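Colleague: I'd like to go over a predicted model; first the sequence, then the structure.
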Amino acid sequence: MQLYGLIGFPLGHSFSAPYFKDKFAREGIIAEYRNFPLEDISGFDALVKKEEKLAGLNVTVPYKQKVIACLDILSETAESIGAVNTISIQRSEGGLKLKGDNTDVSGFRGSLEEHLEKQHRSALVLGTGGSSKAVCFVLEQLGIAYRMVSRSAGEGRIPYESLDEDLVAHSPLIINTTPLGMHPKIHGFPEIPYGMLTPDHLLFDLVYNPALTRFLELGRQQGAKIVNGYDMLVYQAEASWKIWNT
């Protein structure tokens, strides 16, 4: 029986394990999906060697970039972005071959396009981690201008305190790629000027648990349209399954 799984830390409330359990039962697939919490990426090699039936892995924070050093080859998309969230494992007498891919791109694009309107031609991307790289990649594909926002200024990014009324008004698409507000720390949220939001704004949160984060709730109070990360994860999961089985 083939084994699949998720690496990251912590993994207490991950989407993937229950999703794939339901998928396998629904579609009559003989396979297993497990969570593999790794406190450090140094445990990756031992995990892959120990679990001899392991055929594929999903990758979540904080390892989407760190895991690249453990892999043999990257897909064109993963190489362009510099982040991996899906790993294919091929086993032969010659040993293991690990290929990294990124389904954040197809997942985010599939979900975002369902909600885009004509005014959403400029965006703010909150956060600069592995997920933000996929988000920016999609925005470039769609021809949407964007600015990255972080806790500190740096090359290609501005600090939160630079978000004034004019910048927010001219950025009707705001995407949270940070873990702020994720269970169990549900009271956290990015420090943006929510009072400047309007019904023309679309707030997209990559967090899915809880379904209504504080970021989305504060946006909704201003009349903004809101989307959480659940549908994106469904797109990602199905894209991962396709990669593992082609």
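Modeller: That came through, no problem.
Colleague: Residues touching the lowest-mean-pLDDT helix or strand in the chain, excluding its own?
Modeller: Scoring the helices and strands of the chain by mean pLDDT, DSSP states H and E places helix 165-169 at the bottom, with a mean of 92. With CB atoms under 8 Å, 6 or more residues apart in numbering as the contact definition, helix 165-169 has outside contacts at L124, R147, I174, I192, P193, M196, L197, T198. Using the backbone N, CA and C atoms, a C-beta is placed for each residue, glycine as well.
Colleague: Now the residue nearest the centre of the chain. Nearest residue, chain neighbours left out?
Modeller: By CA atoms, centre = their mean, the mean C-alpha position of the chain lies nearest to S131, the distance being 4.5 Å. Closest residue in space to S131, ignoring its immediate chain neighbours: T177 at 4.4 Å, by CB to CB, 6 or more residues apart in numbering.
Colleague: Below-threshold pLDDT in the chain: ranges please.
Modeller: The chain contains no residues with pLDDT under 70.
Colleague: try 80
Modeller: 12-13 (pLDDT under 80).
Colleague: can you list the domain ranges for it.
Modeller: If the domains of the chain are taken from automatic domain parsing, they occupy 2-102, 105-232, with pieces of a single domain joined by a plus sign.
Colleague: quick check, S131 in a helix?
Modeller: Yes: counting by DSSP: H, G, I helix; E, B strand; the rest coil, S131 is part of a helix.
Colleague: Renumber starting at 749 from here on
Modeller: Okay, using 749 as the starting number, the last item reads as S879.
Colleague: That one and H935, how far apart?
Modeller: The spacing between S879 and H935, counted by CB to CB, to the nearest Å, is 21 Å.
Colleague: swap in A959?
Modeller: 15 Å.
Colleague: again, but for T961
Modeller: Between T961 and H935 the computed distance is 10 Å (CB to CB).
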